[in-house]
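*Asks:* Provided below for reference: sequence and predicted model.
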Amino acid sequence: MTASIHVDLWQVAASLVLVALAAAISRWQRADLERDILVATGRSIVQLTLVGYAIKVIFEADTIWLVLALLAVMVFFGAITARHRADKVPGSFGPLLIALALAGASTLGLVVALGIFDPTPRYLVPVGGMVIGNAMTASAVALNRLGDEMAESRARIEATLALGATAREAAAPTVRRALRSGMITLVDSTKTTGLIFFPGTMVGMLLAGASPTDAVRLQLILLYTLLGSVSISALVATTLAYRNFFTPAAQLRELEDAG
Amino acid sequence: MLFELADVGLDRGGRAVLDSVSSRIPEGSTAIVGPSGAGKSTLLRLLNRLGEPDRGHIYYRERALDSYEPLALRREVALVPQLPALLEGTVESNLRYAAGLAGEPLEVGETLARAGLDPSFAARDVAKLSVGEQQRAMLARALAQRPAVLLLDEPTSALDHAARDTIEAALGELRRSSEISIVLVSHDPEQARRLGDWVLRLEAGRVAGCGAPAEVLA
């Protein structure tokens, strides 16, 4: 589907000029992000180089077990990363881990079962990475919102519990808003794709010499796959995590218990 | 006896909010009075298990409170919080939600009237009500569940005199009807005198008096 292109190290090095520009803007406007930009650049070089070698090994080994191991590692670190953004939700790691694992397994399973992609490392590794990465962002945003909403709506939730509502009934409007927050970014960017920005896969394929038709078709498949994974991860994360705000007797836990 | 408190204690942030509270709350209308921070609202929340004591026992109609299923208990012992916290929608949708939870039939006009609201309030958006109207809508919502006991946390603290008088008149009617027992938290001894047959006085989380209003509030 694509013609392979070669990228020299000097080309990568040259692109660092734009990193320097970003750091200069931060310094000039006192945004205090120079250190973060440096760390982000360093980490991106190290992480992508390491994962590049890992993918090379996995492609050459051509076994599904290595792919599954890599995806499991991504799910684990994705849940750890998302937990930091969901720090107002007590015990968020478990719900996030389950949400990412379910989102990854169900969407990848479905695209393979429907015959869209072959179950080979060349497809499963990059698509799995995108699916889990987007699921992580969505579930982190959803739980971040859940934490804020549970704090803001505490009086209304407790007043609803006081009527004999279950924890699920009392938290339903809050959980709904959190789920919406997790999904809305991708829904909005899907609406504007092609008009305001060109998504990464399409750009990558065009740069690599693929035909525009192929690039667009693959991009559409990926956007719809991501919509599925983002919905599943946000739904599972919020559905599991809201329970941690309540005791088994449907009482709101004290907020200082969170973390 | 409606409630019996046996050596009830509760700590928050290393401080005893309630300390060895032992007392009785009879059927009828009881006012829990005391200065701010005395533990009045905390005690009220324990009575329908929105919270649990760290020490001691609470009995409701001679049975340990924690032996009741919490959701069923809360539909029977309804709590109206100090600040209005209605669900989005109309007054009627709030009443229907509460009645539906309790599995009770709802007569909207009659329920509103018992809370001192006329029938036109049914279709009003709760976001457009004044605080006093919201507080009465909260009372109506609790009454829609036909509870046996009404727990009221400072029901008039944020209201002007006119709104306070309307709520007190509605509570006076409920008290006279004798269908519902009322436990009312108030920082105002005069209100306790007007609405209470029995008074429990708390100070710094401890019982400072319990009995007829004339004795405790003298």
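*Replies:* Right, received. Where do you want to start?
*Asks:* use CA for all of it now, contacts and neighbours both
*Replies:* Will do.
*Asks:* now do the buried residues in the longest helix seen in chain B.
*Replies:* Counting by DSSP state H, the longest helix found in chain B is helix B:161-177. By 16 or more other C-alpha atoms under 10 Å in any protein chain shown, the buried positions in helix B:161-177 come out as B:163, B:164, B:166, B:167, B:168, B:169, B:170, B:171, B:174, B:175.
*Asks:* run the chain-centre distance for that helix.
*Replies:* For helix B:161-177, the gap between its own C-alpha mean and the chain's C-alpha mean amounts to 13 Å (C-alpha atoms, centre = their mean, to the nearest Å).
*Asks:* angle of the helix or strand following that helix against helix B:161-177?
*Replies:* The C-terminal neighbour of helix B:161-177 among helices and strands, as given by DSSP states H and E, is strand B:181-186. For strand B:181-186 against helix B:161-177, the angle by axes from the mean of the first three to the mean of the last three C-alpha atoms, to 10 degrees is 150 degrees.
*Asks:* got the contact list for strand B:181-186?
*Replies:* Applying C-alpha atoms under 8 Å, 6 or more residues apart in numbering or on different chains, the contact partners of strand B:181-186 are B:27-34, B:40-41, B:44, B:148-155, B:157, B:175, B:192, B:196.
*Asks:* swap in stretch B:85-93?
*Replies:* For stretch B:85-93, contacts defined as C-alpha under 8 Å, 6+ apart pick out A:155-156, A:159, B:94, B:108, B:121-127, B:134, B:137-138.
*Asks:* among the residues you listed, which ones are buried?
*Replies:* Judged by 16+ other C-alpha under 10 Å, buried ones among the contacts of stretch B:85-93: A:155, A:156, A:159, B:94, B:108, B:121, B:122, B:126, B:134, B:137, B:138.
*Asks:* does the last one sit in a helix, a strand or a coil?
*Replies:* If I follow you right, that is residue B:138. Here residue B:138 is recorded as helix under DSSP: H, G, I helix; E, B strand; the rest coil.
*Asks:* that one and chain A, how far apart?
*Replies:* Applying C-alpha to the nearest C-alpha, to the nearest Å, the value for residue B:138 to chain A is 9 Å.
*Asks:* now for the residue of the stretch 1-150 of chain A found nearest chain B, how many residues are close by?
*Replies:* Nearest residue of the stretch 1-150 of chain A to chain B: residue A:150, at 13.8 Å (C-alpha to the nearest C-alpha). As a burial measure, residue A:150 scores 22 neighbours (other C-alpha atoms under 10 Å in any protein chain shown).
*Asks:* and for the residue lying closest to residue A:232 once chain neighbours are set aside, the neighbour number?
*Replies:* Nearest residue to residue A:232, sequence neighbours excluded (C-alpha to C-alpha, 6 or more residues apart in numbering or on different chains): residue A:103, at 5.4 Å. Other residues near residue A:103 come to 29 when the count uses other C-alpha under 10 Å.
*Asks:* hang on, residue A:103 packs against residue A:227?
*Replies:* No - Residue A:103 is not in contact with residue A:227 according to C-alpha atoms under 8 Å; the separation is 10.3 Å.
*Asks:* would you mind listing what in the stretch 51-200 of chain A touches chain B?
*Replies:* The stretch 51-200 of chain A comes close to chain B at residues A:155, A:156, A:158, A:159, A:161, A:162, A:163, A:164, A:165, A:166, as judged by C-alpha under 8 Å from any C-alpha of the partner chain.
*Asks:* for chain B, give me the ranges with low pLDDT.
*Replies:* Residue ranges of chain B with pLDDT under 70: B:178.
*Asks:* can you give me the helices for it?
*Replies:* Using DSSP H, the helices of chain B run over B:40-47, B:70-76, B:91-102, B:108-114, B:131-143, B:161-177, B:189-195, B:213-216.
*Asks:* can you tell me which helices and strands the longest one packs against?
*Replies:* What that stands for is helix B:161-177. The helices and strands touching helix B:161-177, judged by 3 or more C-alpha pairs under 8 Å, 6 or more residues apart in numbering or on different chains; DSSP states H and E, are helix B:108-114, helix B:131-143, helix B:189-195.
*Asks:* deepest in the core, which of the ones you listed is it.
*Replies:* helix B:131-143 (a mean of 25; mean count of other C-alpha atoms under 10 Å in any protein chain shown).
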